[in-house]
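A.B. asks: With the input below, show me the fold.
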Amino acid sequence: MTRHFPPPNRDAVTHHMIVIEAARCWRNAKDRGQSIQPFLYRILVPYDCVMLAPVFDSLMTLCESALSRRITIGEALSLSDDEQMLIALLDGSKLCDTSINCAKDAATIFNCAIFSTRIMMSLAWGPCRWPVRASIGCRA
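C.D. replies: Numbering: from 1, shown residues only. The predicted structure is shown next:
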């Protein structure tokens, strides 16, 4: 008996790769005390989505704030738990409320950052493969 699995969605794989590359770039620039957005801009140029540089900068800053610690990054093809969490939050397979144990205010702000990032990614990448309608929403 054979099993047939659908091929991975290339757009989703590419988008995940861009998010991970941006997260790693952000972490490296921050650790070196360098201006983050110019580095993000440079890595986003080949993907024609430079408008996401400030989006990723804000997202990563708010993620660290919600976690109350530094975000860990993986190496090469190995994703860290934080990178996996970030992808899951952005693609909607996990919710912030169940993925991060943080204060309500921090969760609310981070939820809004996730939602805003989804919107901006859909604007940058055309037809959205990421959930634009907030399953968790921005709570006031």
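A.B. asks: What is the burial count for residue 94?
C.D. replies: Using other Cβ atoms under 10 Å, residue 94 is surrounded by 17 other residues. All C-beta atoms are positioned from the backbone trio N, CA, C, and that covers glycine.
A.B. asks: Quick check, residue 116 in contact with residue 55.
C.D. replies: Yes. With contact defined as Cβ atoms under 8 Å, residue 116 counts as touching residue 55 (7.1 Å).
A.B. asks: who has more neighbours, the two?
C.D. replies: Using other Cβ under 10 Å, the more surrounded residue of residue 116 and residue 55 is residue 55, with 22 against 16.
A.B. asks: Just say helix, strand or coil for that one.
C.D. replies: Here residue 55 is recorded as helix under DSSP: H, G, I helix; E, B strand; the rest coil.
A.B. asks: which residues in the chain form helices?
C.D. replies: Secondary structure of the chain (DSSP state H): helices at 10-31, 36-44, 53-67, 81-91, 96-99, 104-125.
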